[in-house]
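In: fold the stuff below for me.
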Amino acid sequence: MFNYLCLVLLLNLLKHSVTSPTLKVGIKGGDVTLPCHYDGSEIPDIHLISRSENIPVCQTEECSCRVCKKGACDVVIKDLSFSDAGKYILRVYHHNDQTELEPHIRTYQLCVDDEVSVKIGEELKLDVLLSNADEVQYQSRRSTGWKEIWRRTDGVQRERITIRDRNLIINEFTLRDAGSYRVLDPDGEILITVKVRGERNSVLIHLHC
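Out: Below you'll find the predicted structure:
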């Protein structure tokens, strides 16, 4: 009897366990598609949730809304911005054999890419919306490890870096600041990775996941 109860508990835990989100990468100003991977034909409703908020989804691609349905139940997010980065839950409601509504659930981690440049000695503003982040890490060009340079609970941990208007500011940018920067959410998932390459007249910065 004890073994049977343990088996039931284990099955319930597996049934309700949360799977890792699927990583989706989009370019700032571009579009990204969150596929539903559902083959059913009758889909009466779809819900998209991010940061515990329902996101309205237009039912046709021709509408002017930034978020719309594509095909049977895929969701397209248009004109991406850094604020779009994060976790998404897509619930697709369909009829089962008893004509009852059942949810088909998919989770995603959206990372938004961008590319900017800055001259040596100027201020670099990383518009990464730290209100949604928990940590920023740095990796030099010659290192394989990551160093924490900002954490929500501890603040800034590196000279010439300040926080202003929820953004990370690097004052008087130098070639020594070249390397990689990545922004993590409270679950340790990557929101943005910033690769910095030094050039004679400017520094080219690639934001990617």
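In: so where's the longest strand in this protein?
Out: Selection of the longest strand in the chain by residue count, based on DSSP state E, yields strand 101-118.
In: sheet partners, orientation included, of it?
Out: Sheet neighbours of strand 101-118, with direction, are listed as strand 22-27 (parallel), strand 86-95 (antiparallel), strand 203-208 (antiparallel) (DSSP bridges).
In: got the CA positions of it in CSV?
Out: The C-alpha atoms that make up strand 101-118 are tabulated as CSV, following Å, rounded to 0.1, in the frame of the first residue of the first chain:
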residue,chain,number,x,y,z
LEU,A,101,-12.6,22.4,-23.8
GLU,A,102,-9.0,21.3,-22.9
PRO,A,103,-5.9,23.5,-22.8
HIS,A,104,-2.8,22.7,-24.9
ILE,A,105,0.0,24.6,-23.1
ARG,A,106,3.4,25.7,-24.5
THR,A,107,6.1,27.9,-22.7
TYR,A,108,8.8,30.0,-24.3
GLN,A,109,11.7,32.1,-23.3
LEU,A,110,12.0,35.1,-25.7
CYS,A,111,15.4,36.8,-26.3
VAL,A,112,15.6,40.0,-28.4
ASP,A,113,18.8,40.8,-30.4
ASP,A,114,20.1,44.1,-31.5
GLU,A,115,23.3,45.8,-32.8
VAL,A,116,24.6,49.3,-31.8
SER,A,117,27.9,51.1,-31.8
VAL,A,118,29.6,53.6,-29.5
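In: that strand: what's the following helix or strand?
Out: Sequence-wise, the next helix or strand downstream of strand 101-118 (DSSP states H and E) is strand 124-126.
In: and for Glu172, the neighbour number?
Out: Using other Cβ atoms under 10 Å, Glu172 has 11 neighbouring residues. Using the backbone N, CA and C atoms, a C-beta is placed for each residue, glycine as well.
In: what does the model give Arg141 for pLDDT?
Out: On pLDDT, Arg141 comes in at 81.
In: do you know how far it is from Phe173?
Out: Distance of Arg141 to Phe173, given as Cβ to Cβ, to the nearest Å: 15 Å.
In: Ile161 now?
Out: Ile161 is 11 Å from Phe173, by Cβ to Cβ.
In: re earlier: distance between the longest strand of the chain and the chain's centre?
Out: Using Cα atoms, centre = their mean, to the nearest Å, the mean C-alpha position of strand 101-118 is found 5 Å from that of the whole chain.
In: and the protein, what are its domains?
Out: According to automatic domain parsing, the chain comprises the domains 21-112, 119-208.
In: low-scoring pLDDT stretches of this structure, where are they?
Out: The model of the chain has pLDDT under 70 over residues 1-19, 39-44, 95-102, 198-208.
In: hmm, back to that, got the buried residues for the longest strand of the chain?
Out: For strand 101-118, a neighbour-count test (16 or more other Cβ atoms under 10 Å) marks His104, Arg106, Tyr108, Gln109, Leu110, Cys111, Val112, Asp113, Asp114, Val118 as buried.
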